[in-house]
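1. here are the coordinates; sequence isn't available:
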């Protein structure tokens, strides 16, 4: 089934060219189906790139998905045209009286700041509190995961001696999780961050479970026991060339940056990218939509509590 997106959203053209079934709002209203309502709070600077990545993964499901794009009111991004934001995005005040089946909070390039120093921290806190009672399941990504763990459970983040940058091998630490159904014993996730959370802090919180981790990159998938809150420290949604673009950007800025680990063939940027995370990325989002959202969300969202 298709993902329903706003008419003329740039992501629609990209995804259609990839043979992904994307339906515009006008066609959707003529179908007698109750789609899953998914909100995407996009905190990344290049919003068009990020919305395309997330919608691509949401599309890999037999379920019909209606996506609502959100941005912050308290901070205006500098890398996305204001016209795009005004046309396709809403803010929290616009939707705070609604309920959603699922909610996605992306990462943001602010991880080296204290949470309280981030311009939109108070607004994000209000949104995260809202998701606890108005959303069936919320997925937090990278800095969004760190922010959620800190806000809900007081779990701190720690600076890393060097950027965690590359494709890292992960393994399952909790068996028989619906979110990881069908996963191989070993799978890969992209990471790109300057800070980390630590497993010993997560394990102090009875409500939380570490489902998967990496010996090198640390806890990767953390959930509450009821799966209403999911925290992903990596970037499963990344395109094949996302890390390459980040690497080239940092080089051009004169930063001391090493090539992303396990990313290029033979770790040589001249030999091209070896993609080995997309299969599990699609399975992760499919499982989230099916087992953590669709199977447990009420047909009438007003009954959600």
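-> Cool, the structure landed. In this text the structure is predicted, and so the values were computed from the model without any measurement.

2. Would you enumerate the residues in contact with residue 168?
-> Going by CB atoms under 8 Å, 6 or more residues apart in numbering, residue 168 touches 188, 189, 190, 191, 214, 216, 217, 234, 261, 262. For the C-beta atoms, the positions are set from N, CA and C on the backbone; glycine is no exception.

3. Doesn't it lie inside a helix?
-> No: Residue 168: not assigned to a helix; according to DSSP: H, G, I helix; E, B strand; the rest coil it is strand.

4. Can you tell me how far it is from residue 277?
-> Separation of residue 168 from residue 277 (CB to CB, to the nearest Å): 9 Å.

5. and residue 120, how many neighbours does it have?
-> 18 (other CB atoms under 10 Å).

6. Angles on the backbone of the residue lying closest to residue 304 once chain neighbours are set aside, please.
-> Distances taken as CB to CB, 6 or more residues apart in numbering put residue 99 closest to residue 304, at 5.0 Å, once the chain neighbours are dropped. Dihedral angles of residue 99 (phi, psi; degrees, to the nearest 10) stand at phi -120, psi 150.

7. Next: residue 155.
-> Backbone torsions for residue 155, taken as degrees, to the nearest 10, come to phi -80, psi 120.

8. So for the residue lying closest to it once chain neighbours are set aside, what's the pLDDT?
-> Excluding the flanking residues, the one nearest residue 155 by CB to CB, 6+ apart is residue 149, at 4.0 Å. On pLDDT, residue 149 comes in at 98.

9. Pick out the residue closest to the middle of the chain.
-> Centroid-nearest residue in the chain: residue 141, 4.0 Å away (criterion: CA atoms, centre = their mean).

10. Report the contact partners of it.
-> By CB under 8 Å, 6+ apart, the contact list for residue 141 reads 104, 105, 106, 107, 232, 235, 237.

11. would you list those residues in a markdown table and tack on secondary structure, distance to residue 285 and pLDDT?
-> Supplementary listing: those in a markdown table, determined by DSSP: H, G, I helix; E, B strand; the rest coil; distance: CB to CB, whole Å; pLDDT from 0 to 100:
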| residue | secondary structure | distance to residue 285 | pLDDT |
| --- | --- | --- | --- |
| 104 | strand | 9 | 98 |
| 105 | strand | 14 | 98 |
| 106 | coil | 13 | 97 |
| 107 | coil | 16 | 95 |
| 232 | strand | 10 | 98 |
| 235 | coil | 13 | 98 |
| 237 | coil | 8 | 97 |
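
12. Going through these, which ones are buried?
-> Using 16 or more other CB atoms under 10 Å as the burial test, the contacts of residue 141 include 104, 105, 106, 107, 232, 235, 237 as buried.

13. Kindly reformat the residues you listed as CSV containing distance to residue 57.
-> Output for these, formatted as CSV (distance: CB to CB, whole Å):
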residue, distance to residue 57
104, 10
105, 15
106, 12
107, 15
232, 12
235, 11
237, 6
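
14. what's around residue 291, how many residues?
-> Per other CB under 10 Å, the neighbour tally for residue 291 reads 17.

15. Got the confidence number for the residue nearest to the centre of the chain?
-> Value listed for residue 141 in the pLDDT field: 98.

16. Tell me the bridge partners for it.
-> Here residue 141 sits in beta bridges with residue 232, going by DSSP bridges.

17. residue ranges of the strands in the stretch 151-300 of the chain, please?
-> 158-172, 186-196, 208-214, 218-224, 229-232 (DSSP state E, counting those that start in this stretch).
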